[in-house]
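Quick one, fold the following:
(one chain, ligands or ions: 1)
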Amino acid sequence: MKNPNGHEIIQLFEQFSPKGLAMEGDKIGLQIGRLNKKVERVMIALDVLENVIDEAIEKNVQLIIAHHPIIYRPLKNVLTDTTEGKMVEKLLKHDIAVYAAHTNLDVAKGGVNDLLAEALGLEDAEVLVPTFETQLNKLVIYVPASHAEKIRSVLGDIGAGFIGKYSHCSFSASGTGRFLPGDHTHPYVGRIGQIEEVEEVRIETIIPEPLLKKTIAAMIKAHPYEEVAYDVYPLENKGEVLGLGRIGKIKEITLAEFAEKVKEALDVSIVRVVGDLTAKVKKVAVLGGDGNKYFMSAKFKGADVYVTGDIYYHTAHDALMQGLNMIDPGHNVEKVMKKGLTKVLQKLCQESGYSVEILPSAANTEPFQFI
Ligand SMILES: [Zn+2]
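Numbers count the residues shown, from 1 in each chain. You can find the predicted model right below:
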């Protein structure tokens, strides 16, 4: 097991939730502190408030990964006799770094919206509001015939070669490779200063951009040659569509029954409901956070009910006019990401052999009380 530094942990995390998925102008990434230090404990939080910082200090955490950015509007100053200033001071004094993954974590596969859809039991969930299309690449590798099978399985296991519901897709053709090993080389076959001919296989496969670096690294590790010949071509083919919110199906029940289900599934004591409580609902759209501006997407995609936070009075009126039922369980239900992301990062760290503890913040950051 290896003791990772902050950079190594964030590199892993960004394979899951790449920065490139964030909406324009969003405040994401490292916001406070530094990553070039040993990290033994990471805490996953929804918000970074004073109670969360105190918890991090108490639990000896070196890095907080939060969904909501701690610095959202530009800071004009850091005055340590104000609450905001004190928070920054505490974090710096205790050398606790804060990294924010906001809309990129909403969009990410397995991120906030998938976690919400899963909690609500949505089946065949699809993206509600597309925001991103994955770039596809063709990867071509030249490998001696003896190692072709090994390379193909490395590629397939990492997730290269996905076409629709088919995995491990690749194409191979045999040919002859030639090379002349120069001075100070250690060729796998052949001799220094002599042109060598080898029976090689050209393997082609397709790879989504987020997997490219990881795949090339694994392929080079498995390849017998000192210098590996490979090509990467960007493709025009359409990649996977990612985005905000999810829409899927549940077993048909009434709006009132579904509202009860939402309370239980998302661990809240009340929800606000817009629409006819006796209406049957089957197709459900969900969007974490403030989803006011996307309610028409839910309507267009045929949702019977739209679950989102921070619904405005006027959005509720508009939805009623459109005949769209809505349920507002509050913005804080995004807390589902604390445990969800903890599991994801634990798994990634384990796979990389990192000795680090990942824990969800236990602090409550719901500002509202319901009486
Ligand atoms: Zn949010």
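
CA atoms for contacts and neighbours, from now on please.
Noted.

residue ranges of the strands in the stretch 51-200 of the chain, please?
All strands of the stretch 51-200 of the chain, identified by DSSP state E, counting those that start in this stretch, fall at 63-66, 97-100, 123-133, 136-144, 171-179, 196-208.

looking at the ones you listed, which is closest to His223?
His223 lies closest, by CA to CA, to one member of these: strand 136-144, at 7.1 Å.

Strand partners (parallel or antiparallel) of that closest one?
Applying DSSP bridges to the sheet, strand 136-144 is found paired with strand 196-208 (antiparallel), strand 230-234 (antiparallel).

Return the set of buried residues in stretch 113-124.
Going by neighbour count (16 or more other CA atoms under 10 Å), the buried part of stretch 113-124 is Asn113, Asp114, Leu115, Leu116, Ala117, Glu118, Ala119, Leu120, Gly121, Leu122.

Past the lengthiest helix in the chain, which element shows up next along the chain?
The longest helix of the chain (DSSP state H) is helix 336-351. Sequence-wise, the next helix or strand downstream of helix 336-351 (DSSP states H and E) is strand 357-360.

right, and the strands paired with strand 136-144 - which one's nearest Asn3?
Nearest of these (CA to CA): strand 196-208, 29.6 Å.

hmm, who's touching that closest one?
134-145, 148, 152, 159-162, 169-180, 189-190, 239 (CA atoms under 8 Å, 6 or more residues apart in numbering).

Quick check on the residues you listed: which are buried?
134-144, 148, 152, 159-162, 169-170, 177, 239.

from what I can see Asn237 touches Leu136, true?
Yes - using CA atoms under 8 Å, Asn237 makes contact with Leu136 at a distance of 6.8 Å.

ok so, going back, in the longest helix of the chain, which residues are buried?
Val336, Met337, Lys338, Lys339, Gly340, Leu341, Thr342, Val344, Leu345, Gln346, Leu348, Cys349.

Dump the C-alpha coordinates for that helix into PDB.
These are the backbone C-alpha positions of helix 336-351, laid out as PDB (Å, rounded to 0.1, in the frame of the first residue of the first chain):
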ATOM      1  CA  VAL A 336     -26.800  11.700  -0.800                       C
ATOM      2  CA  MET A 337     -23.400  12.500  -2.400                       C
ATOM      3  CA  LYS A 338     -21.600  12.200   0.900                       C
ATOM      4  CA  LYS A 339     -22.000   8.500   1.200                       C
ATOM      5  CA  GLY A 340     -22.200   7.900  -2.500                       C
ATOM      6  CA  LEU A 341     -18.900   9.600  -3.300                       C
ATOM      7  CA  THR A 342     -17.200   8.100  -0.300                       C
ATOM      8  CA  LYS A 343     -17.800   4.600  -1.700                       C
ATOM      9  CA  VAL A 344     -16.600   5.600  -5.200                       C
ATOM     10  CA  LEU A 345     -13.400   7.200  -3.900                       C
ATOM     11  CA  GLN A 346     -12.700   4.300  -1.500                       C
ATOM     12  CA  LYS A 347     -13.000   1.900  -4.400                       C
ATOM     13  CA  LEU A 348     -10.700   4.000  -6.700                       C
ATOM     14  CA  CYS A 349      -8.100   4.300  -3.900                       C
ATOM     15  CA  GLN A 350      -8.200   0.600  -3.200                       C
ATOM     16  CA  GLU A 351      -7.700  -0.200  -6.900                       C
END
